[in-house]
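*Asks:* What follows is a predicted structure for the sequence shown.
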Amino acid sequence: MSQPPLSIADALRQAQLQQLPRLDAQMLLLHVLGQSPRDRAWLLAHDDDLLDTATQARWEALCLRRLAGEPMAYLLGQREFFGLELQVDARVLDPRPDTEILVEWALELLPSLASSPAIADLGTGSGAIACAIAAHAPGAQVFACDASDDALAVARSNAEQLQLPVQFAHGCWLQAFAPATPRFDLIVSNPPYIRADDPHLQALMHEPLSALASGIDGLDDIRAIIAQAPAWLKPGGWLLLEHGYDQSEAVQALLRQQGFAAVQSRQDLASIARCTGGRWAASSPQLDPEQASIV
Ligand code: GLN
């Protein structure tokens with residue numbers, strides 16, 4: 001015997017019984033109903049509406065995926081980042097609100113940079129950082145790279161959709177860029193930084209491991225970026241990196257060892273030092289970009 005159709009109120013009650021957070025349940029229900037996931041008032045106004053069989057099946061499938069730990073962004077197919085609506089799926093890291101701190105820091109530096117600065121976002125993933133900077137720094141030349149073709153496809157499509165002029169390159173960190181690319185006034189990156197044996201990775205299994213884990217101490221990619229950056233920065237240019245909750249001292253030390261000046265960290269939304277950066281001092285010896293890979 002088939003079940004009677006569920007009303008919107010019944011569906012939300014059912015989700016609550018399954019321990020799904022209320023906000024997640026509301027957003028998923030709005031999504032299957034073709035409404036804006038932010039329009040929670042719509043649900044109240046349609047409390048008694050009945051779900052048709054197909055909608056109910058899609059809603060139940062999404063609830064199960066959410067209960068299994070899939071990020072909301074993948075289920076909704078989108079994530080808001082720095083006021084931009086990005087399309088995201090399992091090919092890319094789900095952009096975190098804490099990464100907006102890195103964008104804010106980059107934008108704060110703009111007035112001190114050249115009038116049409118060249119800015120690079122390394123390991124761009126969904127394109128979140130590059131698109132946010134391009135949207136708020138119309139005079140800048142924004143470049144972005146990723147080692148994953150899949151991620152680049154997502155990033156390219158986001159930049160296109162948002163009509164933001166980001167130039168993409170495929171490859172590993174700064175080696176992605178052609179030698180003729182201008183030197184950068186600013187390099188930003190949210191690279192993988194979780195220790196390969198960190199138990200937190202278990203909870204992030206729906207996201208690409210290559211965007212999360214980075215060797216035995218989580219610093220392999222940060223070390224590679226810091227080693228390559230001087231050859232690609234203009235004198236006085238900045239390198240800003242997001243990193244793990246316990247890595248600020250290590251990243252500061254790596255930057256100082258490499259010869260960066262004004263090394264400092266910024267806190268995330270939970271007051272944890274989450275981004276660290278420094279300026280490539282004008283007097284530091286400039287390396288030949290061709291030599292960057294052996295630094
Ligand atoms: N901040 C993310 C997390 O810990 C990881 C992002 C990253 O590795 N770049 O969930």
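*Replies:* That came through fine.
*Asks:* which SS state does residue 144 fall under?
*Replies:* Here residue 144 is strand, with the state taken from DSSP: H, G, I helix; E, B strand; the rest coil.
*Asks:* residues contacting it?
*Replies:* By C-beta atoms under 8 Å, 6 or more residues apart in numbering, the residues touching residue 144 are 120-122, 124, 127, 129-130, 155, 166-169. Any C-beta I mention is one placed from the backbone N, CA and C, and that applies to glycine too.
*Asks:* quick one: which of those residues sit in helices?
*Replies:* Secondary structure from DSSP state H places 129-130, 155 of the contacts of residue 144 in helices.
*Asks:* Packing partners of the longest helix along the chain?
*Replies:* Ranked by number of residues, the top helix in the chain under DSSP H is helix 53-67. Helices and strands touching helix 53-67, by 3 or more C-beta pairs under 8 Å, 6 or more residues apart in numbering; DSSP states H and E, are helix 8-17, helix 22-32, helix 72-76.
*Asks:* Just the residues contacting stretch 150-167, thanks.
*Replies:* The contact list for stretch 150-167 (C-beta under 8 Å, 6+ apart) reads 84-89, 91-92, 124-128, 130-131, 134-135, 141-144, 146, 168, 170, 208, 211.
*Asks:* re the thing from before, so which of the contacts of residue 144 are in strands?
*Replies:* In strands, defined here by DSSP state E, the members of the contacts of residue 144 are 120-122, 166-169.
*Asks:* Give me the spatial nearest neighbour of residue 232, chain neighbours excluded.
*Replies:* In space, and not counting its chain neighbours, residue 232 is closest to residue 174: 4.9 Å by C-beta to C-beta, 6 or more residues apart in numbering.
*Asks:* Ok, residue 200 next?
*Replies:* residue 194 (6.5 Å).
*Asks:* my guess is the one you found contacts residue 216, does it?
*Replies:* No: in this structure residue 194 lies outside contact range of residue 216 using C-beta atoms under 8 Å: 11.2 Å.
*Asks:* And the two? Which one has more around it.
*Replies:* residue 194 (19 against 9; other C-beta atoms under 10 Å).
*Asks:* Report the beta-bridge partner residues of the more buried one.
*Replies:* For residue 194, the beta-bridge assignment (DSSP bridges) gives partners residue 213.
*Asks:* which parts of the stretch 1-150 of the chain sit against the ligand?
*Replies:* With the criterion set to C-beta under 6 Å from any ligand atom, the stretch 1-150 of the chain comes near the ligand through residue 96.
*Asks:* Point me to the residue of the stretch 1-150 of the chain nearest the ligand.
*Replies:* residue 96 (5.2 Å; C-beta to the nearest ligand atom).
*Asks:* Flag the shaky bits of the stretch 151-295 of the chain, pLDDT-wise.
*Replies:* Filtered on pLDDT under 70, the stretch 151-295 of the chain yields the residue ranges 282-295.
*Asks:* can you list the residues of it near the ligand?
*Replies:* So the stretch 151-295 of the chain meets the ligand at 190, 192-194, 204, 212 (C-beta under 6 Å from any ligand atom).
*Asks:* which one of the residues you listed is nearest residue 7?
*Replies:* Residue 7 has its nearest neighbour among these in residue 204, at 35.3 Å by C-beta to C-beta.
*Asks:* What's the local residue count around that closest one?
*Replies:* Residue 204 has 18 neighbours, counted by other C-beta under 10 Å.
*Asks:* Spatially, what comes nearest to it if we skip its sequence neighbours?
*Replies:* With sequence-adjacent residues excluded and distances taken as C-beta to C-beta, 6+ apart, residue 204 is closest to residue 212, at 5.7 Å.
*Asks:* right, and the helix or strand after the longest strand anywhere in the chain?
*Replies:* What stands out as the longest strand in the chain, according to DSSP E, is strand 233-242. Counting by DSSP states H and E, the next helix or strand C-terminal to strand 233-242 is helix 248-258.
*Asks:* Neighbouring strands - and their directions - for whatever helix or strand comes next after that following helix?
*Replies:* Once helix 248-258 ends, the next helix or strand along the chain (criterion: DSSP H and E) is strand 260-267. According to DSSP bridges, strand 260-267 forms sheet pairs with strand 273-280 (antiparallel).
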